[in-house]
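A.B. asks: With the input below, show me the fold.
(one chain, ligands or ions: 1)
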Amino acid sequence: MINLRIISLLLFTCIGLIACGSDGGHQVDKSKLPDKQEDNNQQEKLTEFTPVTVASLKEGVDFPIGVAVPAGNYGSSILLSEERQNLAIQHFNQLSAENIMKMDALHPTQDTFNFTDADNLVNFASNNGLSMHGHVLVWHSQTASWMRSFTGDKQAWIEMMENHVTTVATHFAGRLKSWDVVNEAFLDDGNYRNTGDSGSIWYQNIGAEFIERAFIAARAADPDAELYYNDYNLSSSAAKLGAVVNMVKDFQNRNIPIDGVGFQMHISGNYPGISAIKAQFQKVVDLGIKVKITELDIRMNTAENLDELTPDIAEKQKKRYYDVISAYLTTVPSAQRGGITVWGISDVDSWIIGLYDSPDWPLLFNAEFEGKPALQGVADALAEFK
Ligand code: G3I
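C.D. replies: Down below sits the predicted model:
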């Protein structure tokens with residue numbers, strides 16, 4: 001029997017799919033989704049599992065336990081949501097801006113920077129004792145439209161990119177613990193991201209040196225911030241991580257500043273395997289720099305074709321979160337732990353919702369902001385291995 005809660009969740013998902021359009025865009029426009037209906041009558045719980053209560057994930061942890069949050073005027077903005085604020089303050093000691101510190105948000109026209117939304121988020125974090133991880137100074141995606149139509153020789157492109165990095169990093173200097181300086185510069189085969197649909201205007205117009213130039217400019221603007229290279233599939237692709245490791249070694253040999261590597265870890269319930277994840281972490285640990293899980297979410301419906309999170313799948317997700325966090329803590333020495341960040345608070349906020357035909361539940365809290373078994377999995381791993 002499909003109860004009203006399932007229908008409303010499926011409605012969220014169906015509207016999400018429509019809002020995404022044909023390109024399967026990452027994010028559902030939350031403003032088009034119905035507000036969370038007051039659950040006035042005693043409807044059956046959507047799933048059978050009992051909501052999990054954990055005092056605080058960050059309790060007793062001496063490294064960043066972070067969460068990515070929508071901010072600004074997005075429908076799910078943490079600054080407009082008491083539930084999201086309460087959970088962020090209760091469980092996390094660091095925030096990442098999911099979108100509002102990206103190039104298109106901060107630098108909408110060549111001559112204007114807009115820091116208002118980002119400053120409001122940084123102030124919220126600071127006022128509540130949370131640090132900030134900056135995401136992201138240079139990325140091939142979510143560039144401002146004027147950047148994509150910018151014309152000039154290599155030196156002009158260098159100056160344009162360096163002006164962005166310097167202006168932004170200077171603005172936040174002293175207020176951010178760390179930055180994703182460059183995101184996703186490599187392909188899974190280890191080559192530089194260059195042309196094609198997900199090509200990089202930075203590589204195309206500056207060459208591979210755009211990466212080191214971004215790190216040099218970021219260090220000059222904010223000497224105290226930890227500087228990360230961030231990418232996805234680093235926990236699964238030996239070729240991609242190999243290219244990153246070679247880049248880090250080259251930077252270390254030439255005194256190009258870099259402090260760590262960010263493993264995004266948008267993973268599924270069974271891939272990559274834990275031994276592979278540990279082995280990939282170890283390759284960066286061996287470089288003597290920090291390892292940070294920057295965007296963790298765990299899809300559980302990649303092949304199951306479920307229309308609701310069953311207790312069985314919820315328990316599997318709990319174990320998967322426990323295993324991944326344990327792998328990190330047992331592989332990365334405490335001095336090299338850049339931290340662990342989950343990419344969103346509630347399942348309804350996840351970029352994954354609407355990305356695929358079937359629903360998913362990748363995060364620690366459900367649509368009602370109740371703790372899922374996954375929350376307990378993280379708490380158990382932290383308690384055991386921190
Ligand atoms: O702001 C517009 C809004 O005006 C419009 O109505 C709405 C509907 O189209 O789109 C809104 O912009 C969306 C934006 O999220 C804010 O919601 C973009 O279309 C959408 O593409 C964007 O998705 C973000 C995605 O990065 C872009 O690639 C996701 O929220 C964000 O979670 C995701 O995060 C990335 C990391 O930055 C890098 N690593 C991968 C990760 C997942 O893709």
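A.B. asks: middle-most residue in the chain, spatially?
C.D. replies: A centroid search over the chain (C-alpha atoms, centre = their mean) returns E295, at 3.0 Å, as the residue closest to the centre.
A.B. asks: separation between D259 and L329?
C.D. replies: Look at D259 and L329: by C-beta to C-beta, to the nearest Å, they are 20 Å apart. The way it works is simple: take the backbone N, C-alpha and C, and place the C-beta from them, glycine included.
A.B. asks: can you give me the strands for the stretch 51-200 of the chain?
C.D. replies: For the stretch 51-200 of the chain, strands defined by DSSP state E, counting those that start in this stretch occupy the ranges 65-69, 94-97, 131-139, 178-183.
A.B. asks: Could you export these as TSV, including distance to L57 and mean neighbour count?
C.D. replies: As requested, the strands of the stretch 51-200 of the chain are exported to TSV (distance: least, C-beta to C-beta, whole Å; neighbours: other C-beta atoms under 10 Å):
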stretch	distance to L57	mean neighbour count
strand 65-69	5	27
strand 94-97	11	25
strand 131-139	15	25
strand 178-183	19	28
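A.B. asks: can you list those in CSV and add distance to S334 and mean pLDDT?
C.D. replies: Putting these into CSV (distance: least, C-beta to C-beta, whole Å; pLDDT from 0 to 100) gives the following:
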stretch, distance to S334, mean pLDDT
strand 65-69, 14, 98
strand 94-97, 16, 98
strand 131-139, 17, 98
strand 178-183, 16, 99
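A.B. asks: Quick one: those strands as TSV, columns for distance to the ligand too.
C.D. replies: Below are these laid out as TSV (distance: least, C-beta to the nearest ligand atom, whole Å):
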stretch	distance to the ligand
strand 65-69	7
strand 94-97	9
strand 131-139	6
strand 178-183	6
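A.B. asks: The ligand contacts on the stretch 151-300 of the chain?
C.D. replies: Proximity of the stretch 151-300 of the chain to the ligand is confined to 183, 232, 264, 295 under the rule C-beta under 6 Å from any ligand atom.
A.B. asks: Show the average pLDDT along the lengthiest helix in the chain.
C.D. replies: Of all the segments assigned as helix in the chain under DSSP state H, the longest by residue count is helix 311-331. Computed over helix 311-331, the mean pLDDT rounds to 97.
A.B. asks: C-terminal to that helix, what's the next element?
C.D. replies: On the C-terminal side of helix 311-331, the closest following helix or strand by DSSP states H and E is strand 337-342.
A.B. asks: I'd like to know which elements that following strand is packed against.
C.D. replies: strand 65-69, strand 94-97, strand 290-299, helix 311-331 (3 or more C-beta pairs under 8 Å, 6 or more residues apart in numbering; DSSP states H and E).
A.B. asks: what's the spacing between the second one and its chain's center?
C.D. replies: Between the centre of strand 94-97 and the centre of its chain there are 9 Å (C-alpha atoms, centre = their mean, to the nearest Å).
A.B. asks: what's the answer for the last one, then?
C.D. replies: Mean C-alpha position of helix 311-331 versus that of the full chain (C-alpha atoms, centre = their mean) differs by 18 Å.
A.B. asks: Helix or strand with the lowest mean pLDDT in this protein?
C.D. replies: helix 4-20 (a mean of 40; mean pLDDT, DSSP states H and E).
A.B. asks: so where's this protein shaky on pLDDT?
C.D. replies: Counting by pLDDT under 70, the chain has low-confidence residues at 1-48.
A.B. asks: all helices in the chain, in order from the N-terminus.
C.D. replies: Ranges of helices within the chain are 4-20, 82-91, 103-106, 116-127, 145-148, 154-171, 201-206, 209-221, 238-253, 274-285, 311-331, 373-385, based on DSSP H.
A.B. asks: now those as a markdown table including mean neighbour count and distance to L57?
C.D. replies: Converted to a markdown table, the helices of the chain look like this (neighbours: other C-beta atoms under 10 Å; distance: least, C-beta to C-beta, whole Å):
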| stretch | mean neighbour count | distance to L57 |
| --- | --- | --- |
| helix 4-20 | 16 | 25 |
| helix 82-91 | 17 | 4 |
| helix 103-106 | 20 | 28 |
| helix 116-127 | 18 | 16 |
| helix 145-148 | 13 | 37 |
| helix 154-171 | 18 | 29 |
| helix 201-206 | 20 | 35 |
| helix 209-221 | 21 | 29 |
| helix 238-253 | 17 | 27 |
| helix 274-285 | 18 | 20 |
| helix 311-331 | 19 | 10 |
| helix 373-385 | 21 | 6 |
